[in-house]
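Enquirer: My questions concern the predicted model and sequence given below.
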Amino acid sequence: ENFKAKVSDFGMARSVNRDKESRVMTGMRGTPGYMAPEWLLDWGITYKADVFSYGMVLLEIMRGRKNMDHSLDSENWYFPSVAFRKAREGKMDELIESGLKLERPQEMDEANRLIKTALWCIQSNSALRPSMGTVVRFLEGDLEVV
């Protein structure tokens, strides 16, 4: 609430052998808005579902807005759709929370890298999402986010 961080455990973590790509679970688990599309579409769940959730949280942090706001019109209530649209239009700066004081060009570059990373993480197709190891390399600046 009010973007105050809270750490919690929903008891959803399960151990999976490293040689397995996915695990069959009965029933959907998670918070609406942060759950990867594959949960809703009954596709196989992989570790990339967590990448999706991470991307949603990162996007919220950068914009200072929850990912769903039903008080807005149909074009704007789901923020990830707005974010992808703004990125296509070349308006990445509109995705950064206005209260962030980004005074140096380097700070704006870093903010854009975070937004691009978040957008890559929340792609509908899980095969197109990066691994968390790759996400870390983006955030550290070791890899360029295109």
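Expert: Cool, the structure landed.
Enquirer: Check for me that residue 99 belongs to a strand.
Expert: No - counting by DSSP: H, G, I helix; E, B strand; the rest coil, residue 99 is not found in a strand; it is coil.
Enquirer: Tell me how many other residues surround the residue lying closest to it once chain neighbours are set aside.
Expert: Nearest residue to residue 99 in three dimensions, chain neighbours excluded: residue 64, at 6.4 Å (C-beta to C-beta, 6 or more residues apart in numbering). From N, CA and C alone the C-beta is placed, and that goes for glycine too. By the criterion of other C-beta atoms under 10 Å, residue 64 has 12 neighbours.
Enquirer: again with residue 104
Expert: 8.
Enquirer: what residues are up against residue 63?
Expert: For residue 63, the contact set (C-beta atoms under 8 Å, 6 or more residues apart in numbering) comprises 79, 83, 95-97.
Enquirer: In PyMOL, select just the buried ones from these.
Expert: If you want just the buried ones from those in PyMOL, going by 16 or more other C-beta atoms under 10 Å, the selection is:
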select buried, resi 79+83+95+96
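Enquirer: For the contacts of residue 63, could you give me TSV that also reports distance to residue 122 and pLDDT?
Expert: Converted to TSV, the contacts of residue 63 look like this (distance: C-beta to C-beta, whole Å; pLDDT from 0 to 100):
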residue	distance to residue 122	pLDDT
79	10	83
83	8	88
95	12	84
96	16	83
97	17	78
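Enquirer: rewinding a little: ok, now how distant is the residue nearest to residue 99 from residue 78?
Expert: 16 Å (C-beta to C-beta, to the nearest Å).
Enquirer: before we move on, back to that, which of the contacts of residue 63 lies closest to residue 139?
Expert: residue 96 (15.8 Å; C-beta to C-beta).
Enquirer: ok, for that closest one, nearest residue in space, not its chain neighbours?
Expert: residue 111 is the one closest to residue 96 (C-beta to C-beta, 6+ apart), at 5.0 Å.
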